[in-house]
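>>> Need coordinates for the following:
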Amino acid sequence: KMLPILIVDSQDTAAVNLLQQNSVPTVHLKNVNSACEWLQKNECSLIISETAFNDHTGFYLVRFLRRTLGDKLTPFMFVSDKRAVKWRVHGLRSGANDYLCKPYNHEELLARIKAHLRVAKLLKNPPVKKNEIDETFSALPPYTFGEFTVNYQQFSLTLNGKPVSLTHQEFRLLAYLIAHKDVAVKKDELLDRLWQYDISVGLRTIYTHLSWLREKLKCETKPEGYIKTVRQVGYMFTEEPF
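Below is the predicted model:
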């Protein structure tokens with residue numbers, strides 16, 4: 001069960017309404033004192049806060065979270081009317097993970113929230129190590145599809161017996177998609193499983209690697225290749241026409 005997102009804002013309820021419309025559990029508090037009291041007794045998956053309040057500032061709240069409570073992992077995001085660069089810099093230096101100015105695009109806010117939750121999940125729940133995934137692949141027998149053959153022991157791919165040049169990460173992508181043949185694999189799953197702990201890696205990296213891999217899997221008998229894009233979900237390895 002997902003922990004709620006704590007929203008601390010004395011006036012604006014737009015973020016609360018947006019998250020509730022997307023079935024995200026929320027707790028809405030209107031001042032810093034009540035937020036500090038709540039955080040001493042409860043846990044949340046993420047904190048979204050304004051900067052200006054009558055009792056304290058949002059900067060006080062993030063320092064209370066990081067220093068007083070010693071919570072270094074719960075993502076903290078400012079969504080504020082204060083647009084000047086000095087406030088954004090101050091917020092990030094105080095311990096926030098992000099700073100978004102009002103008015104904001106709803107899709108952007110949801111995307112940022114999702115990104116912070118994904119990173120927090122990686123940090124709190126370490127995934128399987130890369131070499132363990134590679135060892136799982138290396139135990140598999142060769143797999144042939146169309147004119148291609150995958151040799152898991154040698155981490156190699158051939159087309160009609162001739163080597164196809166793949167980077168190690170391209171091979172891991174191919175092997176992971178084959179392991180989930182005819183099933184749409186979410187982009188976030190690929191990011192979490194194959195680029196573990198590297199928070200500098202984003203979805204653009206997946207797009208780039210899949211684009212390269214997709215081109216290498218095209219041949220005369222199957223010019224469209226073997227990797228299908230499933231809109232709004234991710235990618236699927238399939239030998240069926242698409």
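>>> For the lengthiest helix in the chain, buried residues please.
Counting by DSSP state H, the longest helix found in the chain is helix 106-124. If you call a residue buried by 16 or more other C-beta atoms under 10 Å, then helix 106-124 has these buried ones: 109, 112-113, 115-117, 119-120, 122. (Glycine included, C-beta is placed from N, CA and C.)
>>> How about the contacts made by residue 19?
Shown in contact with residue 19 (C-beta atoms under 8 Å, 6 or more residues apart in numbering): 5, 7, 26, 113.
>>> Which of these fall within helices?
Assignment to helices by DSSP H places the following of the contacts of residue 19 there: residue 113.
>>> Highest neighbour count among the contacts of residue 19?
residue 7 (26 neighbours; other C-beta atoms under 10 Å).
>>> which residues touch that residue?
Residue 7 touches 15-16, 19, 26-29, 47-49, counting by C-beta under 8 Å, 6+ apart.
>>> Ranking by neighbours, what's the top pick from these?
The residue in the contacts of residue 7 with the most neighbours, by other C-beta under 10 Å, is residue 48 (27 neighbours).
>>> tell me which residues form a beta bridge with it?
residue 7, residue 77 (DSSP bridges).
>>> For it, give me the pLDDT.
Per-residue pLDDT puts residue 48 at 98.
>>> tell me the two of the buried residues of helix 106-124 that are most distant?
109 and 122 (20.9 Å; C-beta to C-beta).
>>> all strands in the chain, in order from the N-terminus.
Applying DSSP state E to the chain gives strands spanning 5-8, 26-29, 46-49, 76-80, 98-101, 143-145, 148-151, 156-159, 162-164, 185-186, 227-230, 234-237.
>>> where does the protein have its least confident helix or strand?
In the chain, no helix or strand scores lower on mean pLDDT, DSSP states H and E than helix 130-138, which sits at a mean of 70.
>>> For the nearest residue in space to residue 141 that is not next to it in sequence, list the residues it contacts.
Distances taken as C-beta to C-beta, 6 or more residues apart in numbering put residue 152 closest to residue 141, at 7.4 Å, once the chain neighbours are dropped. Residue 152 is in contact with 137-143, 175, counting by C-beta under 8 Å, 6+ apart.
>>> What of residue 64?
Counted by C-beta under 8 Å, 6+ apart, residue 64 has contacts 32, 36, 39.
>>> Any idea which of the strands of the chain gets closest to residue 62?
Closest approach to residue 62 among these (C-beta to C-beta): strand 76-80, 5.0 Å.
>>> Please work out the average pLDDT along that closest one.
Averaged over strand 76-80, pLDDT sits at 97.
>>> Which of the contacts of residue 152 ranks first by neighbour count?
residue 175 leads the contacts of residue 152 on contacts (other C-beta under 10 Å) with 22 neighbours.
>>> how close does that one get to residue 136?
Residue 175 sits 9 Å away from residue 136, going by C-beta to C-beta, to the nearest Å.
>>> do the same with residue 219
Residue 219 is 27 Å from residue 136, by C-beta to C-beta.
>>> repeat for residue 26
From residue 26 to residue 136 the distance is 39 Å (C-beta to C-beta).
>>> One more: residue 95?
Per C-beta to C-beta, residue 95 is found 38 Å from residue 136.
>>> More neighbours: which of the two?
residue 95 (17 against 14).
>>> which ones are touching the residue nearest to the more buried one when sequence neighbours are not counted?
Excluding the flanking residues, the one nearest residue 95 by C-beta to C-beta, 6+ apart is residue 66, at 4.0 Å. Residue 66 is in contact with 72, 76, 95, counting by C-beta under 8 Å, 6+ apart.
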